[in-house]
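**Student:** no sequence on this one, just coordinates:
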């Protein structure tokens, strides 16, 4: 074997070992995330809506009032800040949401949630001290919606769109809790 081929094989072996060690020490370069990313879209006629978020799991934990404390701002998912994008202006409750991209923040309470659409884009959902990065001055819409207790347990936090009753809504569900945000 010539020297060049031995050198190339040596470099490849070192690279494979380095990637394997990095992967092992960092919870797996090739393993799935604990809170996987999800993009949900809704399109009808000329309106297009899209939500990007990360889906934490219940994993036998108490969720609302514990893992997600009541009366505190939650990034509404895990990891990166949840985003909501619309190509047309919307009416949310009594407020108008112009076309654009927003971050979504919530304050869960026992019987209601405050849902905020914030015009500032954040690189992550929380800062180094695990405090939500939301700046309230950038809230465009802040709506209070009732909590619905559901009969089934939703293992992974789920955001979706529902227009089954001819009334479009943004739904969020996790554990035994669901909230519905009306969109017009």
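**Tutor:** Yep, that arrived. Keep in mind the model is a prediction, meaning the values are calculated, not measured.
**Student:** and residue 95, how far is that from residue 168?
**Tutor:** Counting by Cβ to Cβ, to the nearest Å, the separation of residue 95 from residue 168 is 16 Å. Where you see a C-beta, it was placed from the backbone N, CA and C, and this is true even at glycine.
**Student:** and the longest strand for this structure?
**Tutor:** Secondary structure assigned by DSSP state E gives strand 139-162 as the longest strand of the chain.
**Student:** could you say which helix or strand holds residue 34?
**Tutor:** Under DSSP states H and E, no helix or strand contains residue 34.
**Student:** offset the numbering so it begins at 11, please.
**Tutor:** Okay, residue one is now 11; in that scheme the one you just asked about reads as residue 44.
**Student:** before we move on, back to that, which helices and strands sit right next to the longest strand of the chain?
**Tutor:** If contacts are counted by 3 or more Cβ pairs under 8 Å, 6 or more residues apart in numbering; DSSP states H and E, strand 149-172 sits against strand 47-54, strand 57-64, strand 105-107, strand 110-118, strand 122-128, strand 179-192.
**Student:** rewinding a little: give me the more crowded residue out of residue 105 and residue 178.
**Tutor:** Between residue 105 and residue 178, counted using other Cβ atoms under 10 Å, the more crowded position is residue 178 (18 against 13).
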